[in-house]
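# Dropping a prediction and its sequence here:
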Amino acid sequence: MELILVFFVAAVAWLVIIYNLFVRDKNRVLAAWSDIDVQLKRRHDLIPKLIDAVKQYADYESSTLSAITVLRSESADASGIEKKGQIERELSTKLHQLIALAENYPDLKANQSFLDLQKNLTNVENHIQYARRYYNGAVRNLNIRVDSFPDMLIARTFRFIPAEFFDFDEAI
């Protein structure tokens, strides 16, 4: 009888421990996504200022400026990590093109406001990269736990599901 009781207590303890590890890993993924979201919002806040600075010098580059504005809006409205990653990848490419356009305008390259915006944008891009790495590491840990035996038994019972990776390579 004592052996059955010990086995039962051990099984319940195992269940509680594994469940709590799932909760921890899920919350790490959510917190890491929140960090990415904050950095993306910072970048999105810089974009109108950067566009305004470039408009003063390069009015005829309006197609690039319009595309950046549209992508910024689409990203804000995007649902799903994969879709947001695709849009952010396109946005990074367009921002890279915008920065490259500045090379054709010596007055713009010398403008302190533009230089500060460019520096801030590069800083935010680096923060996005770090946040993305942390997020993807948290996702990897959760997904391994969800797919590993015997933890998968708890995952299926309590409906823990794998999380999506945030794949987006910055162009800047």
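All right, it came through fine.
# for the protein, what's the longest helix?
helix 2-55 (DSSP state H).
# Figure out how far that helix is from the centre of its chain.
Relative to its chain's centre, helix 2-55 lies at 12 Å (C-alpha atoms, centre = their mean, to the nearest Å).
# what's downstream of it, the next helix or strand?
Note on helix 2-55: by DSSP states H and E, the next helix or strand toward the C-terminus is helix 62-77.
# Show the average pLDDT along the following helix or strand past that next one.
Next helix or strand after helix 62-77 toward the C-terminus (DSSP H and E): helix 81-101. Across helix 81-101, pLDDT averages out at 88.
# in helix 81-101, what's buried?
81, 84-88, 90-95, 98-99, 101 (16 or more other C-beta atoms under 10 Å). (C-beta placed from N, C-alpha, C; glycine too.)
# What are the contacting residues of stretch 100-109?
For stretch 100-109, contacts defined as C-beta atoms under 8 Å, 6 or more residues apart in numbering pick out Ala53, Val54, Gln56, Tyr57, Ala58, Glu61, Thr64, Phe114, Leu115, Gln118.
# Skip ahead from the helix or strand of the chain with the lowest mean pLDDT and say which helix or strand is next.
The weakest-scoring helix or strand in the chain, judged by mean pLDDT, DSSP states H and E, is helix 106-110 (a mean of 76). Once the chain leaves helix 106-110, the next helix or strand it forms, by DSSP H and E, is helix 112-147.
# helices or strands next to that following helix in the packing?
helix 2-55, helix 81-101, helix 151-157 (3 or more C-beta pairs under 8 Å, 6 or more residues apart in numbering; DSSP states H and E).
# run the last query once more with 6 Å
helix 2-55 (3 or more C-beta pairs under 6 Å, 6 or more residues apart in numbering; DSSP states H and E).
# which secondary structure elements does the helix it packs on contact?
Counting by 3+ C-beta pairs under 6 Å, 6+ apart, the packing neighbours recorded for helix 2-55 are helix 62-77, helix 112-147, helix 151-157.
# at 7 Å instead, please
On a contact count with 3 or more C-beta pairs under 7 Å, 6 or more residues apart in numbering; DSSP states H and E, helix 2-55 meets helix 62-77, helix 81-101, helix 112-147, helix 151-157.
# My read is that Leu98 contacts Thr64, right?
Yes - the criterion here is C-beta atoms under 7 Å, and Leu98 meets it with Thr64 at 5.7 Å.
# residues shared between the contacts of the two?
Here Leu98 and Thr64 have no joint contacts, going by C-beta atoms under 7 Å, 6 or more residues apart in numbering.
# The residue nearest to Glu82 when sequence neighbours are not counted: neighbouring residues, count only.
Spatial nearest neighbour of Glu82, excluding adjacent residues (C-beta to C-beta, 6 or more residues apart in numbering): Glu164 at 5.9 Å. Glu164 has 17 neighbours, counted by other C-beta atoms under 10 Å.
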